[in-house]
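Participant: Just to be clear, the model below is a prediction. Sequence and coordinates:
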Amino acid sequence: MPDVTSDSTKLRPWAGDRAPASWGLGDGQAIPWEYAPAPESRDIVTVRDRYGLFINGREVDASDGAVFATINPATEEKLADVARATPADVDRAVRAAGRAQKRSWGSLPGRERAKYLFRIARILQERSREFAVLETMDSGKPIKESRDVDVPLAAAHFWYYAGWADKLEYAFPGRVARPLGVAAQVIPWNFPLLMLSWKIAPALAAGNTVVLKPASTTPLSALLFADVCRQADLPPGVVNIVPGPAEIGMHLVSSPNVQKVAFTGSTGVGKLIHRAIAGTDKAITLELGGKAANIVFEDAALDQAVEGIVNGIYFNQGEVCCAGSRLLAQESIVEPLVEKLKDRLATIRVGDPLDKNTDVGAINSRQQLDKITELVAAGVAEGADLYQPPCDLPDRGFFFRPTLFTNVAQSHRIAKEEIFGPVLSVLTFRTPEEAVEKANNTPYGLSAGVWTEKGSRILSMVRRLRAGVVWANTFNRFDPTSPFGGYKESGFGREGGMHGLHAYVRLEDR
Amino acid sequence: MAAMPARRKAAAARAVPAVPAAGPAPRIEVRKTYKLYIGGAFPRTESGRSYLVSAADGTPVANACRASRKDLRDAVRAARKAFPGWADRTAMNRGQILYRVAELMEGRRDQFVTEVAQAEGVPADRARIVVDRAIDRWVWYAGWADKIAQVLGSSNPVAADYFNFTIPEPTGVVGIVAPETSSLLGLVSRLAPPLVAGNAVVVVTSETRPLPAITLTEVLATSDVPGGVVNVITGLKKELAPVMAAHDDVDAIDVWGVDEAARREIEIAAADNVKRIVRRPAGATDARFDWLDDRAAERPEWIAAYLELKTVWHPIGV
C-alpha cells in the first residue's frame, strides 16, 4: 500500500482518496494506487513576453501601445502581454482584409487557394505539439484533449476545406458561389484554436478574407497561428488577428466594411451582435449556448452510457456549448445509473492540465469559476442534492470539482441556465414522450444525446428532439465533414461540412 | 362565378338607382366581406376596425380588416398549433396538397385576374400572365417537397467509425411581411418556400393591395392545407410588423415587405429570440423586383432559409 499520508499528496491528488464501495475494498478504504506526475514538457513552446496584433501580414503594436496580460488559469501566472487592439486598429485590419480580398485572395484561382489551406493544415500538423502545449497553458484544458482533440481537429478542418476551394461549383449545383468579402469573426475561449479553424478555413476556401478577434483570455494560439500564416506565405491581409475586449468585437462586427459576421459564444452576446447588424445586408451565422439533454433509456448499455455521460459533461471542464448538462434518466434505472456515475467520478483526475493523466483541467478564468460556483450554490439552495467526488484540488489556479446534482427539478436554475462548467443535473422521465418534452423544454437547441439499444426508438427520438446535433449512443463527437450548429436560441447557420461553406458565399445565377 | 370587375362594382355602389324599366328588376350583386384567415376560419378582426382599400386608380373597393396585435397573436397561436401536424406530413403529401392549391387557383383564374388587375393597376392581359405564373409557381415549389431533403441533406464521411448524416427539418412558425407591390405573385413566391419546407406561416399581406391575398386564403381553405398552417391578416404594417418581429413564438421572419426605413427597428426586435431573418437579396427592391423572372424568384435557397439542419451520429460496431 502506498503511503497516503505523506506531504506528497499535493503532487499526487489521488493519493488519499477513498475507493467507491462497489470496488469491494471496504468502506473508506484508500484507493490502492497513486499516479506519478506525467507532465508534458513545456520546452516545445517559446512563450514570448509580448505579442502584437497581426494586421496585413505584420505583427504590430496597438495604436495606443496598450497591452493586456494573459495568464495560465492553472497557475494564475502571467504568460505574456498581448497588444490590445483599438477601434482604429480594427479599422486598419478591416481595410487590409478588404484590399487583400479584392487584390489577391478573391481573384486567386480556387486551386491555388486550396494549396495555401493545405499548407496551413500541414504546418498545424507539423507543429501540433507546440500548439497543444500552448493551448493548454493559455486555456487550462487538459493536454490530453488539446493534443488529441483540439489541434488534430483544427488541422483536419483546414484540410477538409482546402479541398473545397476549387470545387465550389459542385457544392452549389446550378449556382455560382461568390465570396461575400471580409468576414468579421469573434470566437470564444473554450476551444481557441479549433474555433479559429472553424471560422477561418471555410471563409478562406470560399475566397473571403478575415479579421478575427480571439477571446481575451485565450489569445495566444491565434497569435501563434499568425506565425503559421507567415510560414505558409499567405498573402498579407488575408488573415488578420485583433485581440481585445468585447467592445472590440462589437466594433469589428459593426464595421460598414465587413460583409459577413460569424460569432461563437453566449446567447446573450449573440443577440447583441445580431442587433448590431440589424438593417444591414451583412450575412450572419451565430453559434450560441446550449443546455443539452442526454437521455438514457432503461435498455441502454449502461456502462457505455456512463462513459458518454462523463465525456458529455466533463470534457473540457464542461466548458462546451454542446455539453450534455442535463442527464435525463428513465426512472427505472436512475439509481444504478447514478451509482455507476458516482463510481466513475471517483476515478476522474482533476489537476495540472499539462499532466498527461489529467482528465479535468483548470476553469478558464476567475470570472468563469465564480459563475460556476454561484450556480452550484444556487442548485444547493434550491434543494437539489449535490455530489462531488473526494479529490484534492491544487492550491493555486481555477479548479472546480466534477459535480453531480440529483433530485433536480426543471425549474431549478441548474436545469435551465447554461453553467459552462463540470456540473451535471440529473432529471428523470418515465415515457419517451416525457423525455422529449423535458429535453425540448428550453430555449436552447444545440445538441442532444440518446442512449438505447433500440434502433427505431433512436430514430423516433432523433426526429422529435429540436436540436442541431443528436448523438446516439455517443456524445461530443466532432468532425470537419459533420455540420454543427443550433436550433432555436442556440443560433443559426452551420459550421463544418458542405453546409459550412454556405455561410461564406453569395449564390448567383449561373 | 366570376366576380364583377370591382371598378364597375364601385361605380355601381355610387350610382343613383335608376327608375325600374319594364321587365325583370336588375339583380343586386352580393358583395364579399374581406376577412382575416386564422386557424382555418374567417374571423373579422377582434378590434372591429377596418381600412378602406382602393384600386390602383384610387377607386374605393372594399373595407379590409385592420387587424390588431391580438389578431396577430391569435394567428401565431394557430400556426404553432398546426405546425407539428404539417411538419409530420410525408413530403409527398405536402407536395400534393400544395399542388392542389395550384389546381384550385386555376379554377378561380378569372377572379384572380380581375383582382390583380384592379389592385396593381395593370391591364387584364398583363394580370393574366401574373396569375398564371403564380399558379405555376405553386407547381414548381410543390415539386420540391420530396426533393429538398435530398439536395440539402448529406451523409458525412467522418474520420472515425460512426454513421453520420444531416437532414433538414422545418424551422417552426414563420412570419411573412408580404411584398407590398406584387399582391399575388410576390406573395405566392414568398409563401410557398416556407410551406413546402413544412413550416406554419403567418402572413401580413400587402397593406395597400390586400385583396388578392384574401382570395388566396379561400383557395387555401378548400385545398387540403390544414387549418392554421397558413394564417393571413390584413392591416397596417407599421402596427403589425413590430409585433410579429418581437413575438417569442415566431421562429423566423421574412422582412421582404418591410419598408427599408423600418427594417432596422424590425430586425432589432427580431434578434430577441434569435429569429432567423430572411431578407431581400442585396440590391433588390420591392417595387422593381421582377417576379416573372423564374431564375430570380424560384430558388431552392428560399426553401432552405426555413430549414434547420440536424446532424446525427451513431457508432458503427457490433
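Facilitator: Okay, I see it. Numbering: from 1, shown residues only, chains lettered A, B, ... in the order given.

Participant: only C-alpha atoms for contact and neighbour calcs from this point on.
Facilitator: OK.

Participant: Look up the closest residue to A:Asp352, ignoring the ones flanking it.
Facilitator: A:Gly361 (6.1 Å; CA to CA, 6 or more residues apart in numbering or on different chains).

Participant: swap in B:Gly257?
Facilitator: For B:Gly257, the nearest residue in space outside its immediate sequence neighbours is B:Pro179; the separation is 4.2 Å by CA to CA, 6+ apart.

Participant: Any figure for the gap between that neighbour and B:Ser50?
Facilitator: Using CA to CA, to the nearest Å, one obtains 21 Å as the distance from B:Pro179 to B:Ser50.

Participant: isn't B:Pro60 right next to B:Val53, touching?
Facilitator: Yes: taking contacts as CA atoms under 8 Å, B:Pro60 lies within contact range of B:Val53: 6.0 Å.

Participant: If you count surrounding residues, which of the two has more?
Facilitator: When neighbours are counted by other CA atoms under 10 Å in any protein chain shown, B:Val53 comes out ahead of the other of B:Pro60 and B:Val53, with 20 against 16.

Participant: Quick check: that one is in a strand.
Facilitator: Yes: inclusion of B:Val53 in a strand is indicated when DSSP: H, G, I helix; E, B strand; the rest coil is applied.

Participant: which residue does chain A bring closest to chain B?
Facilitator: A:Gly279 (3.7 Å; CA to the nearest CA).

Participant: Within the helices and strands, which one has that residue?
Facilitator: Following DSSP states H and E, one finds A:Gly279 outside all helices and strands.

Participant: Please work out how many residues are found near the closest residue in space to it that isn't next to it in sequence.
Facilitator: Using CA to CA, 6+ apart and skipping the chain neighbours, the partner closest in space to A:Gly279 is B:Arg264 (3.7 Å). Around B:Arg264 sit 18 other residues, with neighbours defined as other CA under 10 Å.

Participant: from what I can see B:Arg264 touches A:His274, true?
Facilitator: No: the pair B:Arg264 / A:His274 is not scored as a contact, 10.9 Å apart, by CA under 8 Å.

Participant: returning to that earlier point: okay, B:Pro179 and B:Ser50: which has more neighbours?
Facilitator: Neighbours were counted for B:Pro179 and for B:Ser50 using other CA under 10 Å; B:Pro179 has more, 30 against 18.

Participant: State the distance from the more buried one to B:Thr205.
Facilitator: Counting by CA to CA, the separation of B:Pro179 from B:Thr205 is 8 Å.

Participant: got any residues that touch both of those two?
Facilitator: Where contact means CA atoms under 8 Å, 6 or more residues apart in numbering or on different chains, the residues bridging B:Pro179 and B:Thr205 through contact with each are B:Leu187.

Participant: Which parts of the stretch 101-250 of chain B are strands?
Facilitator: When secondary structure is read from DSSP state E, counting those that start in this stretch, the stretch 101-250 of chain B shows strands at B:154-155, B:162-170, B:173-177, B:200-204, B:230-233.

Participant: can you tell me which of the ones you listed comes nearest to chain A?
Facilitator: Closest approach to chain A among the strands of the stretch 101-250 of chain B (CA to the nearest CA): strand B:162-170, 7.3 Å.

Participant: now that closest one, how far from the chain's geometric center?
Facilitator: 29 Å (CA atoms, centre = their mean, to the nearest Å).

Participant: Which other helices and strands does it contact?
Facilitator: With contacts defined as 3 or more CA pairs under 8 Å, 6 or more residues apart in numbering or on different chains; DSSP states H and E, the packing partners of strand B:162-170 are helix B:148-152, strand B:154-155, strand B:307-315.

Participant: And the residue nearest to B:Gly257, its phi and psi?
Facilitator: Taking degrees, to the nearest 10, you get phi -50, psi 140 for the backbone angles of B:Pro179.

Participant: dump the residue contacts of it.
Facilitator: B:Pro179 is in contact with B:186-187, B:205-206, B:256-258, B:286, counting by CA under 8 Å, 6+ apart.

Participant: residues in the stretch 351-500 of chain A within reach of chain B, list them.
Facilitator: Within the stretch 351-500 of chain A, the residues that sit near chain B (CA under 8 Å from any CA of the partner chain) are A:462, A:467-474, A:477, A:479-485, A:487-492, A:494, A:497.

Participant: Could you list which of those residues belong to strands?
Facilitator: The strands in this structure, assigned by DSSP state E, contain A:469-472, A:491-492 from those.

Participant: what's the closest of these to A:Asp395?
Facilitator: Here the nearest of those to A:Asp395, counting by CA to CA, is A:Trp471; it sits at 36.9 Å.

Participant: in the stretch 401-510 of chain A, which segments are predicted with low confidence?
Facilitator: Within the stretch 401-510 of chain A, no stretch falls below the threshold (pLDDT under 70).

Participant: what residue lies at the spatial centre of chain B?
Facilitator: In chain B, the C-alpha nearest the mean C-alpha coordinate belongs to B:Leu191, at 4.1 Å (CA atoms, centre = their mean).

Participant: ok, now which ones touch that one?
Facilitator: Listed by CA under 8 Å, 6+ apart, the contact partners of B:Leu191 are B:176, B:201.

Participant: got it, and A:Ile333?
Facilitator: Contact criterion CA under 8 Å, 6+ apart gives A:297-298 as the residues in contact with A:Ile333.

Participant: That concludes my questions; thank you for your assistance.
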